[in-house]
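S.K.: sequence and predicted structure below; questions after.
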Amino acid sequence: LALGFTHSLLFVLRLLVGLPWYQVLPAILIFYLGSGGWAFLQIFARTIGRDLHAAGVLLQVKMNVRRHLKEKNTIPKIFAETVRRHGDKTALIFEGTGERWTFHQLDEYSNRVANLLLERGFKEGDVVAIFMENRSQYVGLWLGMAKIGVEAALINFNLRLEALVHCVTISNAKAVVFGSELTDAVSEVHSLMGKTVQMFCSGDWDPKRVPQGTECLEPLLDDAPSHLPSRPTCCFTDRLFYIYTSGTTGMPKAAIVVHSRYYRMAALVYYGFRMTPADVLYDCLPLYHSAGNIVGVGQCIIHGMTVVIRKKFSASRFWDDCVKYNCTIVQYIGEICRYLLNQPVRDTEQQHRVRMALGNGLRQSIWEEFMNRFNIPQIAEFYGATECNCSLGNFDNKVGACGFNSQILPFIYPIRLVRVDEESMELIRGPDGVCIPCKPGEPGQLVGRIIQNDPLRRFDGYVNQSATSKKIAHSVFKKGDSAYLSGDVLIMDVNGHMYFKDRTGDTFRWKGENVSTTEVEGTLSRLLEMKDVVVYGVEVPGAEGKAGMAAIADPSHSTDLEKFVKDMEKTLPPYARPVFLRFLPEVDKTGTMFFPFFRGGNIKSKDKYSFSHYSCVGKDSTPAPCLIDSTSWTPAGGAMCSWMRSFTTPYCRGNTNCDD
């Protein structure tokens, strides 16, 4: 057995590194002696199968990427090959209407989009924003734009007012395609977008409601040619579209997604988790995020898989949909799994054909319960941000792990956990100025070495160069190198399995979205006539991520809560609105901008900083806005519940007068 393991390792070294045998053998011996002897052999025996599979996946994806680079391919060109292989097969199913598009139909729709934009004078390098809820047309729109080199800006449909204008503006979009369901949101900011921005509405057309100058998209597409337009001079490393991430400076950042990154993200998941074109994937995640649009829809575009798109996640309809459409893979974020577990038992949760749940954020505490109750053989948990170069995958179904890094072949995938200061989250360096790697069991920030001429290691960054620079550190693995900073703290065990611990910096995650504390603080301060505000995330039992808490300086007790809540509803998306409010005589910010007693986002002393006896939860079993009993003027139960009802229509449990 040991001889077999050794031969396997030698083969991988030869294949990936290209060293001659007479150099590999001494290297193996030295590596063995310097890595713990028998302990290393134990790790070797436990992980060699996993690591060889991962090495094979990396090699296959790397070879494919090199081929696409050499042939100057793009995602539309790869999709053309998919259409050739699977033309009459169902590509997309939209659950909202039951409409099915074959690959030929998706190709034709995207051709019409491309030809329409060409007729309107759009050219390679122009940007068009897409602002709509999930539907099959969403995919056809950005794919059609890509066919002529027009870059799509995929905007979160929860955004309103200033944040919405910001996303359109920083992308330099020359047009906005919006769904009719978002007409009111667009009308509110139309005058701020500039007269040169063209507006197209998709969906139910009401000329009385849309902004002046808006055109109905569907008739224009019906009249556009369906033939393939002339292809641009794009290559595999050119920009495909933009996805927005939370910004620590206050507003969302536009992360650049190039063609090779789209391919890499979709392919690593496909090969890593052993998917096939025969799978049917259920995608209820928003298409403005990489999980829904790349990890999910990418399997359709690149590998010919059928993808079922749902407008929004529904816990009560989830398994019914899976049975109806014969889904074999479902996508999730951690919150979805908990919502499903909170549902009453129904027959369809055992009648489905789902063999894999693909996603991120599934807590270890409910991992096995989720697998066992719904009879799902494999949890395909992964870790990765849109822009990162240090993605992870749990290829061996290890409970609680979001991925791994090989302990016997660490050089194949140059990522690392490095020590950070727990207070400032600054990198800790050794005497040589290089970052100090973490030992097994020691929390650290995940980093990935940047090699710009390697599509698997490059970091494309953001539209804003300053934001890009903040995510890069130097002298991390060795003196003078560059590495991407994930901003996330993970822990690794002796076998290399990685476990997510916490998010650092000025963001926290709630309802599947990253919330920028700086953005929310700025918005609340403006709504409260420039009062001091500190926003941070707090853990809530029974809920994933961290709920937002806002500490507000209001010594005169002058805040009009009813008006404040209505203003928040207009300016902040639901996931960014604070769940808890604490009113104080003053807000004392420390030097590191943390609110005292809540450092790290956890309530440290229940005696001094307890929640009030009002226990409030929303109708989806997540916390609803509550006041903390920190001042003498906290409203009585009935008044507080009346205020909360206007926010998210919660129902309350405990000593309250709520009757929802």
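M.R.: Structure received. Numbering: from 1, shown residues only.
S.K.: tally of neighbours for the residue nearest to S486 when sequence neighbours are not counted?
M.R.: Once flanking residues are discounted, S486 sits nearest to L446: 4.3 Å by C-beta to C-beta, 6 or more residues apart in numbering. From N, CA and C alone the C-beta is placed, and that goes for glycine too. Counted with other C-beta atoms under 10 Å, residues neighbouring L446 total 27.
S.K.: then the one 3 residues further on?
M.R.: Here the count is done by other C-beta under 10 Å, and R449 has 20 residues near it.
S.K.: now do the helices for the stretch 401-550 of the chain: every range, in order, please.
M.R.: When assigned using DSSP state H, counting those that start in this stretch, the helices of the stretch 401-550 of the chain occupy the ranges 465-470, 517-527.
S.K.: bridging residues for the residue nearest to S486?
M.R.: L446 has the following beta-bridge partners by DSSP bridges: L417.
S.K.: OK, contacts around it?
M.R.: By C-beta atoms under 8 Å, 6 or more residues apart in numbering, the contact set of L446 is Y383, C390, I415, R416, L417, S486, D488, V489, L490, M498.
S.K.: so for stretch 528-535, what gets flagged as buried?
M.R.: Residues L528, K531, D532, V533, V534, V535 are the ones in stretch 528-535 that count as buried (16 or more other C-beta atoms under 10 Å).
S.K.: what's the distance between the residue nearest to S486 and I366?
M.R.: 23 Å (C-beta to C-beta, to the nearest Å).
S.K.: now do P440
M.R.: From P440 to I366 the distance is 25 Å (C-beta to C-beta).
S.K.: which one of the two has more residues nearby?
M.R.: I366 (16 against 13).
S.K.: is it fair to say that one lies in a strand?
M.R.: No. Counting by DSSP: H, G, I helix; E, B strand; the rest coil, I366 is not part of a strand but helix.
S.K.: contacts only, for I436.
M.R.: With C-beta under 8 Å, 6+ apart, I436 has these contacts: V418, R419, I428, R429, G430.
S.K.: so what does the last one look like in phi/psi?
M.R.: Spelled out, that is G430. Here is the backbone geometry of G430 (degrees, to the nearest 10): phi -80, psi -180.
S.K.: can you pull the pLDDT of the residue nearest to it when sequence neighbours are not counted?
M.R.: Counting by C-beta to C-beta, 6+ apart, G430 lies nearest to I436, which is 5.2 Å off, once chain neighbours are set aside. We have a pLDDT of 95 for I436.
S.K.: what do you get for the one 4 residues further on?
M.R.: On pLDDT, P440 comes in at 93.
S.K.: ok, it - contacts?
M.R.: M492, D493, V494.
S.K.: just grab the bridge partners of the first one for me.
M.R.: This means M492. Assigned bridge partners for M492, using DSSP bridges, are M498.
S.K.: count of residues packed around it?
M.R.: Using other C-beta under 10 Å, M492 has 25 neighbouring residues.
S.K.: pretty sure it is touching C438, no?
M.R.: Yes. M492 is in contact with C438 according to C-beta atoms under 8 Å; the separation is 6.9 Å.
S.K.: which neighbours do the two have in common?
M.R.: What both M492 and C438 touch, as defined by C-beta under 8 Å, 6+ apart, is the set L417.
S.K.: elements contacting the longest helix anywhere in the chain?
M.R.: For the chain, the helix that runs over the most residues, judged by DSSP state H, is helix 38-70. Counting contacts by 3 or more C-beta pairs under 8 Å, 6 or more residues apart in numbering; DSSP states H and E, helix 38-70 packs against helix 2-17, helix 259-272, strand 403-404.
S.K.: comparing these by mean pLDDT, which bottoms out?
M.R.: helix 2-17 (a mean of 53).
S.K.: what ranges do the strands span in the stretch 501-650 of the chain?
M.R.: 507-510, 513-516, 533-538, 547-553, 580-584, 614-617, 626-627 (DSSP state E, counting those that start in this stretch).
S.K.: closest to M356 out of the ones you listed?
M.R.: With C-beta to C-beta, the closest approach to M356 among the strands of the stretch 501-650 of the chain belongs to strand 507-510: 23.2 Å.
S.K.: just give the strands next to the closest one in its sheet, each with its orientation.
M.R.: Sheet pairing for strand 507-510, using DSSP bridges, gives strand 513-516 (antiparallel).
S.K.: pLDDT on the strand it pairs with, on average?
M.R.: According to the model, strand 513-516 has a mean pLDDT of 78.
S.K.: try stretch 411-428
M.R.: pLDDT averaged over stretch 411-428 gives 88.
S.K.: compute the first-to-last residue distance for that stretch.
M.R.: 22 Å (C-alpha to C-alpha, to the nearest Å).
S.K.: got it, and stretch 111-126?
M.R.: Terminal-residue distance, stretch 111-126 (C-alpha to C-alpha): 17 Å.
S.K.: run a quick neighbour tally on K501.
M.R.: 12.
S.K.: okay, it: pLDDT?
M.R.: For K501, the predicted pLDDT is 85.
S.K.: distance check, the closest residue to it other than its chain neighbours against I148.
M.R.: Of all residues not flanking K501 in the chain, V489 sits nearest, at 4.5 Å (C-beta to C-beta, 6+ apart). V489 sits 42 Å away from I148 when distances are taken as C-beta to C-beta.
S.K.: neighbour-wise, which of those two wins?
M.R.: Just comparing V489 and I148: by other C-beta under 10 Å the higher neighbour count belongs to I148, 22 against 19.
S.K.: name the nearest residue to that one, ignoring sequence neighbours.
M.R.: Once flanking residues are discounted, I148 sits nearest to A114: 4.7 Å by C-beta to C-beta, 6+ apart.
S.K.: secondary structure element for that neighbour?
M.R.: helix 103-119 (DSSP states H and E).
S.K.: related to what we said a few turns ago, among the contacts of L446, who's most crowded?
M.R.: Result: C390 is most packed of the contacts of L446 (other C-beta under 10 Å), 26 neighbours.
S.K.: what's in contact with stretch 101-119?
M.R.: 76, 79-80, 82-83, 86-93, 128, 136-137, 139-141, 143-145, 147-148, 150, 220-222, 224-229, 304.
S.K.: among these, which are located in helices?
M.R.: Filtering these for helices - DSSP H - leaves 76, 79-80, 82-83, 86, 136-137, 139-141, 143-145, 147, 220-222.
S.K.: could you turn the buried ones of those residues into a PyMOL selection?
M.R.: Per 16+ other C-beta under 10 Å, the buried members of the ones in helices among the contacts of stretch 101-119 correspond to this PyMOL selection:
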select buried, resi 76+79+80+82+83+86+136+137+139+140+141+143+144+145+147+221
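S.K.: got the contact list for the closest residue in space to V269 that isn't next to it in sequence?
M.R.: Leaving aside its sequence neighbours, V269 sits nearest to V295 (C-beta to C-beta, 6+ apart; 5.4 Å). Each residue near V295 by C-beta under 8 Å, 6+ apart is listed here: M265, A266, V269, Q331, L358, F382.
S.K.: can you tell me the SS state at V295?
M.R.: helix.
S.K.: between the host helix or strand of F200 and helix 103-119, how big is the angle?
M.R.: Using DSSP H and E, F200 sits within strand 198-202. Here strand 198-202 points in a direction 160 degrees away from that of helix 103-119 (axes from the mean of the first three to the mean of the last three C-alpha atoms, to 10 degrees).
S.K.: what about Y109, how many neighbours?
M.R.: Y109, neighbours per other C-beta under 10 Å, totals 22.
S.K.: and it, how far is that from G292?
M.R.: Distance, Y109 to G292, using C-beta to C-beta: 19 Å.
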